[in-house]
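# what's the 3D shape of this:
(2 chains)
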Amino acid sequence: MKKTILFLGASLVASQAMAYALLGNNWNYLPAPRVVDFTVNTSTLPAARIDAAASTWSVIDGSCFAWNNAGTNSKTALDDLSGMPADGNDIFRAGSDLTALAVTQSWYLTSAPGETIEWNMQVFDNYVWNDLAGAPPSGSYDLQSVVLHELGHALGLGHSGITAAVMFATIGDGVSKRVLHSDDLEGFEAIYDCVDDGNCDTFAYWQSQGGITFYATFPVIDAVNEVEIRRVAHFITPAADGDVETMRAQYYNANATPAIAHDGTLRTWIYSDLAGEPDAILAGPLDVTTDGFAAAFGAYDVVDLTPLNYSCSAGVPFHIVWEFLPDTEGTDELAILGTSGVSVGSQMYNEYPEAWGWWFTGRGDQVLEVDICYTETPPGNIVVVPTFQDLGRIENGMDVSGTFHAINTGQLDATVNSVAVGNPAHYSASAAGLPAVVAPGDSVEITVTFNSMADTVFRDTTTVFVDWDQAARLTTEFGVIAGSSECEFLTNDWVGAPDELDWFVEATGDTNILGGSWFFFSGGFDRPTPFVGHPYTAEGDTAASELYTFVDNAGLDNLQWGFANTQSFPADTREHFLLVYGVEEDTLDFLYGFDISDTLFWETAPAWGHITADLDSLPDSVAVSFFYGGENGDTWYIDDVEICRTPGPCDPIEITATKLPGNQVRISWDPFGGAEVSIYESDMAYDFGGGTLLATVDSSVGEYIVATVTNDGRFHRAEVDCFPTARATGPAKIREHPRQQDRLPVSSLRGLEAVQSSRDMMGPVMPAKTTPSGISRTR
Amino acid sequence: MKKFLMPLLVLGLAAGGTALQRAVSDQEMVDLSQEIVYASVQEITYVYDHPTYPVMTQARLSIEDRYKGSAPGELLVTWPGGIKGEYTMKVSDTPALEPGDEGLFFLYDKEGTEALWLTGWEYGAITVENGMAHSHTFAVDHDDHHHHLPYGTVLARLENLISGEER
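Next up, the predicted model:
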């Protein structure tokens, strides 16, 4: 049974009133450890800043309360809780306000006003926000500081009267408040007071006297000899810096009949134990009223010692002295003491009527355990921001760098020892002056460089590690996409694990997916043309499906796809192709494809791979399909799809065909090095893949050929295969459609019913004739 | 625009204050406010048709003195939060007003409706009781954290700012 203990010191209460304030509703009703999830609308707010703010609260005592970033949301407005159950705690940026920088609304049952059910945080969008790790410049408001303040509200704190506190009601531009003030910490502890937080030194009186020193002033009789101990001291040498917080006592009253009145005052001091300071009082006395710990057997009473305002330091000994002053003296009669063990006989408790102390004599009343607890000052906490940095496309051969900051969001110094990258073959990390002691709020700048390499890397990421005095932490992700700036992405969510922001393709069914069953999810990426999926069954041993994407006026020379695939049955028969069609009016003409059946499978967790497909010179409108044939269900994530005007390191090739007399044609080009040119004859403007090979030449040697063609009445052009040695070898090119479906009426796709998805379903819509931004034709 | 009003049987909201305001000077409080009035709260209601907030609290004020603007004898002031069904929504920096409360109100038209907003949220409502004003920021010397001060001090500060003497 926990007893109510009231402060007598009015001045202490008055000083508290100016400090932190409590809202009244919080999460303390949850059992510890209280881990409260929230999500962030990362399209409007950088998660790194939010995480850094959340971490600052969570490191106070993660075993007691912690925020947890559980993912993303797409919220742009505050929630209405009338549609219970609660849908989670959200953070987003939207809207505007005249004076408020951010607002947090919290919901609770009116009948249970202390228990927060849900909160939503809106950061207003009409301000200049500093969402970087560095200090906010004048004129901008520091996002991390503001969110740190709002999360304080969300956990139950009101506004503080302390100007320097994070929870002070206002903040100016150019001001950073990323480190909690002691007043913020006290407010936190007032809500989430985990008494036994692992920092308690426990003293068992009767059960174990070894090593326990009692500091007694009057009168002293040891336990074996029937002692009366009126004042008790507990010697503490704290292992870490902290604040003396609570004392608790388990009191055993064996003589419950008659009931013993123990109402009175508990008076507490803190004494120094430093040499040369014998009995120097450091704090106190602090008087609290109590009912005398007359709790039931085995219960604890807790004495709040925080009004002593004593901060202890690691290794510096002190002791707490406490004395009980009963309201009623000398009235107790414990005529019979002890039931076993040492025979203590009778003890007259009114022996010293003027100083009726708190008796710990015999077996009648026993203090079984006394815990002196202190709250350790939150240690240093290194957080590295941003959590990822996407440098996007770089030109081949470039060295590019990104800057990160290892920030100490804790309350004590932290030492950063070293920095490293997870992929040293391609990246390097450096920071000046390591090892470095980082004060709270300060940071170490880390430079991560993507190194120029002989081979071309399509997409590449690394993790950045920071080793500091508490842990080697996996911190962040850094990546680049190497290649030509003449490319444009159809998707841009290329960092991180596969998710539903990618093109997500799932085929279901345990055996033989007759008719296919495509689900595709869209959203979160910008694509220039519709992405249309259709079930498609072809004759053959296995079923097949194709997922088409149409690209107009793309000027395709080069296509790169990033794939991640979870293959549940890798040993099964499968046929996976990337197929390219020309689109002319109502006809899809198969041009060629790439066999990717055996190249991109991950049997356990998805991991990204990619193919680079040289698509030659294609007509304006093409359709690229992902062809799946297999016996079992499969899941593909498609990302990093990009189209390029130039095929990576190859220069644009301008080819001219001039009709000569007879069946001769002169085909010329501007010479360039490093590529093999294959020239085909074709009777269609775009059907290069289906034509007849005329010649294969070294483009760096000759400037033209004269070839004999079979049909000189039609226009002829040439296909260029560009495979420079520096380029990764692409998948095998196929010239035949895997189902001999060389031509397919586009209108037939219209008649197919696209598979419904629970997300953003797009019907079988043919592409509009638009030119993707950033792509221009050069032919 | 006519709001859907629900008279309250149980009055008195929990104290608000869960947001962060930018630092606003006293002069800016005056400049940003279209109406500055001394008024008393006649009625508190909740409305549920706001496009952004699921529940809004509205106070009907009876004006006793007007220092800026041209408000009629009564006006509506609104702020987010309140009771909806069995739930209560507590919103940052909102005042805790009850019928009978009176004080100085800094108001502006945020949404083009008849209900005005408090400039600086709860800091735009300075309640006065027995001649003492409770102000969060206006006319407050933050060095001594003295938020209770004679209303005469607040009024003198206001009139100086309106007259431009402190510019």
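
# Which secondary structure state is assigned to the nearest residue to A:E186 once chain neighbours are set aside?
In space, A:E186 comes closest to A:Y20 once its chain neighbours are excluded; the distance is 5.9 Å by Cβ to Cβ, 6 or more residues apart in numbering or on different chains. Just so you know, the C-beta spots here come from the backbone N, C-alpha and C atoms, and that holds for glycine as well. At A:Y20, secondary structure determined by DSSP: H, G, I helix; E, B strand; the rest coil is coil.

# And for A:Y20, the neighbour number?
26 (other Cβ atoms under 10 Å in any protein chain shown).

# tell me the mean pLDDT over stretch B:129-145?
Mean per-residue pLDDT for stretch B:129-145: 78.

# C-alpha coordinates for it, PDB please?
C-alpha atoms of stretch B:129-145 as PDB (Å, rounded to 0.1, in the frame of the first residue of the first chain):
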ATOM      1  CA  GLU B 129     -10.100  38.700 -11.300                       C
ATOM      2  CA  ASN B 130     -10.300  41.100  -8.400                       C
ATOM      3  CA  GLY B 131      -8.300  43.700 -10.400                       C
ATOM      4  CA  MET B 132      -5.400  41.300 -11.000                       C
ATOM      5  CA  ALA B 133      -4.600  40.100 -14.500                       C
ATOM      6  CA  HIS B 134      -3.200  36.700 -15.300                       C
ATOM      7  CA  SER B 135      -1.100  37.100 -18.400                       C
ATOM      8  CA  HIS B 136       1.100  34.600 -20.000                       C
ATOM      9  CA  THR B 137       3.200  36.900 -22.000                       C
ATOM     10  CA  PHE B 138       1.700  40.400 -22.500                       C
ATOM     11  CA  ALA B 139       3.200  43.000 -20.200                       C
ATOM     12  CA  VAL B 140       5.100  40.200 -18.400                       C
ATOM     13  CA  ASP B 141       8.600  40.600 -17.300                       C
ATOM     14  CA  HIS B 142      10.000  37.200 -18.000                       C
ATOM     15  CA  ASP B 143      13.000  37.700 -15.900                       C
ATOM     16  CA  ASP B 144      10.900  37.500 -12.700                       C
ATOM     17  CA  HIS B 145       8.200  35.200 -14.100                       C
END
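
# quick one: contacts for the residue nearest to A:E186?
A:L157, A:G158, A:S160, A:I162, A:A165, A:M167, A:D183, A:D184, A:E186, A:G187, A:A190 (Cβ atoms under 8 Å, 6 or more residues apart in numbering or on different chains).

# got it, and B:P95?
Residues near B:P95 by Cβ under 8 Å, 6+ apart: B:G16, B:W79, B:L118, B:W121, B:E122, B:A125, B:T127.

# Over to A:D90?
Per Cβ under 8 Å, 6+ apart, neighbours of A:D90: A:F38, A:T39, A:V40, A:N41, A:N73, A:K75, A:D79, A:N120, A:M121.

# restrict the residues you listed to those near chain B?
Counting by Cβ under 8 Å from any Cβ of the partner chain, A:D79 from the contacts of A:D90 sit close to chain B.

# rewinding a little: give me phi/psi at the residue nearest to A:E186?
Per-residue torsions, A:Y20: phi -60, psi 160 (degrees, to the nearest 10).

# how close does it get to A:I162?
Taking Cβ to Cβ, to the nearest Å as the measure, A:Y20 falls 8 Å from A:I162.

# Could you pull out the residues contacting both of those two?
Looking at what touches both A:Y20 and A:I162 (by Cβ under 8 Å, 6+ apart), the common residues are A:D183.

# about what we covered before: ok, the contacts of B:P95 vs chain A, which is closest?
Nearest to chain A among the contacts of B:P95, counting by Cβ to the nearest Cβ, is B:W121 at 5.9 Å.

# Tell me, how many residues neighbour the closest residue to that closest one other than its chain neighbours?
Nearest residue to B:W121 in three dimensions, chain neighbours excluded: B:D93, at 3.6 Å (Cβ to Cβ, 6+ apart). Residues near B:D93, counting by other Cβ under 10 Å, number 30.

# likewise the one 4 residues further on?
B:L97: 24 surrounding residues under other Cβ under 10 Å.

# Then B:H134?
B:H134: 16 surrounding residues under other Cβ under 10 Å.

# Go ahead and list the helix or strand containing the nearest residue to it once chain neighbours are set aside.
Of all residues not flanking B:H134 in the chain, B:T127 sits nearest, at 5.1 Å (Cβ to Cβ, 6+ apart). Secondary-structure element containing B:T127, defined by DSSP states H and E: strand B:125-129.

# average pLDDT across the host helix or strand of A:S401?
Using DSSP H and E, A:S401 sits within strand A:400-408. Averaged over strand A:400-408, pLDDT sits at 84.

# For it, output the C-alpha coordinates as CSV.
The C-alpha trace of strand A:400-408 is given here as CSV (Å, rounded to 0.1, in the frame of the first residue of the first chain):
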residue,chain,number,x,y,z
VAL,A,400,31.1,12.7,-54.3
SER,A,401,30.8,13.4,-50.7
GLY,A,402,28.0,13.8,-48.2
THR,A,403,28.2,15.3,-44.7
PHE,A,404,26.7,13.7,-41.6
HIS,A,405,26.7,14.8,-38.0
ALA,A,406,27.1,12.7,-35.0
ILE,A,407,25.1,14.7,-32.4
ASN,A,408,25.1,14.2,-28.7
